[in-house]
Structures are given as C-alpha cells and as structure tokens.
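J.: sequence first, then the predicted structure:
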Amino acid sequence: MLIKKYIMTLSVPRKSLIGIVIVIIAVAAFLVFRSSRTGTAYDLEVAKKSDFVLDVSVTGRVKPSSDVSLGFEKGGRATNVHVHVGDRVIAGQSLVSIDSSELVAALGQATAASQEEMARLDKLTRGARLEEIGVAEAKVQSARVAREAAKTDVANKLRDAYAKADDAVRNNVDQLFDNAKSSEPKFKYAVDYSIKVDVEWRRFVIEGMFASWGALIDSISTDSALFDFTTASQRDLEQVRDFLDTVALATNGLTANASLSQAAIDGYKSDVSMARTNINAAIVNLSSAEEKLLSTESNLSLSLNELTLTQAPATAEDRAAQDARVRSAQANMENIKAQIAKTILRSPMDGIVTAQDAKQGEIIPVGTPVVSIISDKRFKIEAHIPEVDVINVSTGDHADVALDAYNGVVFGATIVSVDPAEVIIQGVPTYKAILEFDDNDGRIWSGMTANIDIIVDRREGVISVPARAIFSHSDGKAVRIMRDNGIVDTVPVKTGKLDSHGRVEIITGVEEGDHVIITPTSR
C-alpha cells in the first residue's frame, strides 16, 4: 500500500520515464556482455539516492478516547431521566436524578442551625445591648425582693414555731402536771413508773430549753443568720415533739376512776393530739420556709452571675468555642449539600450516551451502572506490537491507518503511548500501543478494525541496496562493485537500517552511480 502511494506521488512524465527505463536496460545488457568474457553473469543495480521508509505493520481496534459507566453512590427512586441513547451531552450536564426530598428538608434545618450559631458569634463579638443589661439588672432586683420576702417568712415561721411549742406545752400539756415550771414537775396521775419518770424529766428539760429558745427568738431580724436560727429551732421543735410523744404514751395509759372521769381522759388526749399536730405543722412550715429561702438565695446568686456575664465582654476562649460551633454547623450543612449532589448523576465529560437503563419511578440500587458515555474527542486505536518491532517504535511516530469499513481511505494517526509491560498473545510477547487519530473524522466509529502502518523512519536521498548484496568480510560487511573496465572490487561498507522492503541503508562505501552486484550467476 505504501509503495503504491509512493509511485503515485512521482511527477516524472510518462515519456521521460520510458526513456530512463531503456537506458537502464541498455547499461545492464552492456555489463552482462562485459561479464560474459569471464564466464560469469551478474545481477547488477546502479546505486542511487531514493526515499528510505521503515514501517511496522500491525492490526488494532478503534476505541473512544475515554468511556465511563455511571451509577449512584446511594440507591433511591428515580425522579427525573434527562437523556436517552444517542444524545450528545456536555461535562456537568444532569443525566438522571433520584429522590432527595428528605435531604432537602435536612438542609433547611442545617442552614437554620448554622445561621443561629453565626448570630450567636456576632452577639459575642458585639457584646450585650443596653436592653439586655437592663433585663439582667431587673432579674437581680426581682431576686433580691424575693429573697427579702423569704427571709421575712423564715423569721415569721421561727416565731410561729416558738409560739406553737409554747402553747402546746403550757396550755395543752401542763394541765397534766403539778409544778410544771419548777425544777420538779410531777405528773398528776398514776401511769407506768418508767413513763412517769421519763415524762417528768423531759418536762424539766423543756422548761430550760424554752428559756434559751425565747431569748433566741427575741433577737431575730431579717439581717440575722437565719439558717443558724432555723437549725436551732428545728432541734428545739424535735425536742418538744419527742416530749409530746411521751406525754401521749402517758395519757394513753390513763384509766377512769372515782377521781378521773373518762371524759377528762378524752379531753387530755384531744389536747395532746392537737399539740402534736401543731408541732408537726410547725416543723413542716419552718422547713418549707427554709427551703424557699435557699431557693431565693440561689436565684439571686444566679441572676447576679448572669448580670456580670452580660456586662462582661466575651473572652477569646468563648469566641473560639463559638467559632468552632459555627464551623461545625457549616460543615454539617456542606455535608448535606454533598449528599444532595450525589442524588444527581452528571456527565463527567463531553460525549455521547451509549446506554441508559433508568426509568422514572423505579428504584435504582447502589452502584448499578445506569448511564454509559463515550467521549466525543478524537478516537484512539489500541494495537499490540510484537517484541521484534517494538524497539523501533516511539511515541510521536506517525502512522497511516486503513479501516476495513472504508476501502482505500487512509487516515493519519500518531502514537501517544507504548506500555512497558508485555501482553502475551498466542505465546508471543507484545506491547500495547495507543494511537490517536489526527482528525476528529465523523466516519470513524468505535469498534472498527484498523490496519496500521507505523512509520518509524522516513528519509529522502538515502543510498540503499538489497540485503542479499551484502556479505560478511574480514573488515566487517562488504559489497561487490563492478567497475567500468569489468573488474569486480570488494568494497567494505558501513550499513544502517533495514527498511520495510528488504533494502539496507548504506552509510559509507557505495557512491551514487556504482554498479552493485546483487548476485552472481554462473553460465
């Protein structure tokens, strides 16, 4: 094929060509006649400069410059199908999308959260407004008022507790004793001896307790250490309660007789029961008042801290912490956006859709190929070069390509890569080469068979001889040249490459016009 092309490119007129051929034939006949005198006939060739062409012929297959099969990273229901087989697409174009409504809702929440954290950061940077400081001060004032009210209530409950204890003992119980306020109070009626002794002793102790308790109550004010007062009063109330419990045991042991009627006994029991109820109520009331005071003290402390915090500028640590919260919220928002982006299958390149298997409404599983695309850039050819030829091939070499589908049409291509690793094909090591067409020709389709002639060397004005004219010599390689006088000389030569037509490049030793003996023929 390449020889035909070369011959067709010759521009010599037909008549001139015929004349040249006649001259060559005449010279050859003369030389044969000269050689006949020695008894040997020779095949001769006149050395001349011509084009030197070395190519490697292989077969390959046309492929797109790139192709992809696309699927979703997460499964879902197909909501939109935008392309069909044969459609031309551009990089970034939406192909198929799956349902993303939940992610869109989550993005709305994440966006709101991010804006909220940003607002807090702005507030920290700006500091509190006068209105906010005013609100905090009002809370402090309200907490102070509540605390004073709680302190007043505790003082009142302390006085009430003392009054109830005094009434319970002196008005409800002392009627059962003779000389109740003396150092030797006596229980009037006959009861169990141990109970009588216990109840009389407790009445004696209670009298001394009332003296110190009364002095304590007289000193109460809202500026006093009220919690110390409540602790002491609770202790005294518990002592009165224990005394009343013992008195209740004593009255429960009374029996009616001539000097003590059942009605009197019932009256005593009722009075003692009422006294116990009042004391228990005083204990509960005092505890409640104390807890309320504790609560108001805590609220005042909290409101004071809030006021201090409101008035104070934000620290570097506070701003750094809030800034981190902002970044976290923004990262969450970006993560959801990335997930939404994965619900849309987009083309990674300009090309043509070769397969599309999605249907609107169907569930698409994870990783299932949905759309296939081939690039619309220039096609490439994949070929395998035998090891004997690969040493002559380099990236950048030009090639003439004939496609079986277009008989006689030659397309230009260039080698863009040669793999260094071998591929064994039918027991022969080969090396995969990628060629790219020089032009983006619409006639070229993926999958076509390509017959490739890789031109690894093409030069003009090179002297070459048939390989069979060269033989080994003591000085290396040599050829035989017939001189004009009929003498045959052996001439050492320096050779170059062997071309695709069995001719060897002669670097030195043969001059243009020399008559090179190809093969001798005996007569």
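T.: Great, that's in hand. Treat the numbers as computed from the prediction; the structure is a model and nothing was measured.

J.: where are the low-confidence patches of the stretch 301-450 of the chain?
T.: Along the stretch 301-450 of the chain, no part satisfies pLDDT under 70.

J.: can you give me the helices in it?
T.: 316-341, 387-390 (DSSP state H, counting those that start in this stretch).

J.: got TSV for these, with mean neighbour count and distance to E512 too?
T.: (C-beta placed from N, C-alpha, C; glycine too.) Listed next are the helices of the stretch 301-450 of the chain as TSV, based on neighbours: other CB atoms under 10 Å; distance: least, CB to CB, whole Å:
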stretch	mean neighbour count	distance to E512
helix 316-341	14	71
helix 387-390	14	31
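
J.: pretty sure L124 contacts A316?
T.: No. Counting by CB atoms under 8 Å, L124 stays clear of A316, with 10.5 Å between them.

J.: quick one: which of the helices of the stretch 301-450 of the chain is nearest S57?
T.: When these are compared by CB to CB, helix 387-390 sits nearest S57, at 8.6 Å.

J.: how far off centre is the closest one?
T.: 47 Å (CA atoms, centre = their mean, to the nearest Å).

J.: packing partners of that helix?
T.: strand 428-437 (3 or more CB pairs under 8 Å, 6 or more residues apart in numbering; DSSP states H and E).

J.: export the strand it packs on as PDB, just CAs?
T.: Below are the C-alpha coordinates for strand 428-437, written out as PDB (Å, rounded to 0.1, in the frame of the first residue of the first chain):
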ATOM      1  CA  VAL A 428       4.200 -14.100  21.700                       C
ATOM      2  CA  PRO A 429       5.100 -11.100  23.800                       C
ATOM      3  CA  THR A 430       3.600  -7.900  22.600                       C
ATOM      4  CA  TYR A 431       3.300  -4.400  23.900                       C
ATOM      5  CA  LYS A 432       0.100  -2.400  23.800                       C
ATOM      6  CA  ALA A 433       0.400   0.900  21.900                       C
ATOM      7  CA  ILE A 434      -2.200   3.700  21.900                       C
ATOM      8  CA  LEU A 435      -2.600   5.800  18.700                       C
ATOM      9  CA  GLU A 436      -4.800   8.900  18.400                       C
ATOM     10  CA  PHE A 437      -6.300   9.900  15.100                       C
END
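
J.: buried ones in that strand?
T.: For strand 428-437, the buried set under the neighbour-count rule, 16 or more other CB atoms under 10 Å, comprises T430, Y431, K432, A433, I434, L435, E436, F437.

J.: sec struct for I463, please.
T.: strand (DSSP: H, G, I helix; E, B strand; the rest coil).

J.: ok, now how distant is it from D457?
T.: Note on I463: its distance to D457, by CB to CB, to the nearest Å, is 15 Å.

J.: so the closest residue in space to T152 that isn't next to it in sequence: helix, strand or coil?
T.: Using CB to CB, 6 or more residues apart in numbering and skipping the chain neighbours, the partner closest in space to T152 is T222 (5.8 Å). Put simply, T222 is coil when judged by three-state DSSP.

J.: give me every residue that touches T222.
T.: E148, K151, T152, A155 (CB atoms under 8 Å, 6 or more residues apart in numbering).

J.: closest one of the residues you listed to H84?
T.: Nearest to H84 out of these is E148 (CB to CB; 82.5 Å).

J.: now that closest one: phi and psi?
T.: phi -60, psi -40 (degrees, to the nearest 10).

J.: what pLDDT does it get?
T.: Looking at E148, its pLDDT is 88.

J.: how close does it sit to E297?
T.: Applying CB to CB, the value for E148 to E297 is 11 Å.

J.: my read: K494 touches E505, true?
T.: No. If you go by CB under 8 Å, K494 and E505 don't touch, sitting 9.5 Å apart.

J.: between these two, who's got more neighbours?
T.: Shown here are K494 and E505; by other CB atoms under 10 Å, E505 has more neighbours (18 against 12).

J.: partners of that one in the sheet?
T.: Beta-bridge pairing for E505 (DSSP bridges): S464.

J.: ok, it - contacts?
T.: By CB under 8 Å, 6+ apart, the residues touching E505 are F52, V462, I463, S464, T495, G496, K497, L498, D499.

J.: which one of the helices of the stretch 301-450 of the chain lies nearest to L226?
T.: Ranking these by proximity to L226 (CB to CB) places helix 316-341 first, at 37.2 Å.

J.: show me what the closest one packs onto, helices and strands only.
T.: helix 101-126.

J.: report the buried residues of the helix it packs on.
T.: Across helix 101-126, burial judged by 16+ other CB under 10 Å covers L103, A106, L107, A110, T111, A113, S114, E117, M118, L121, L124.
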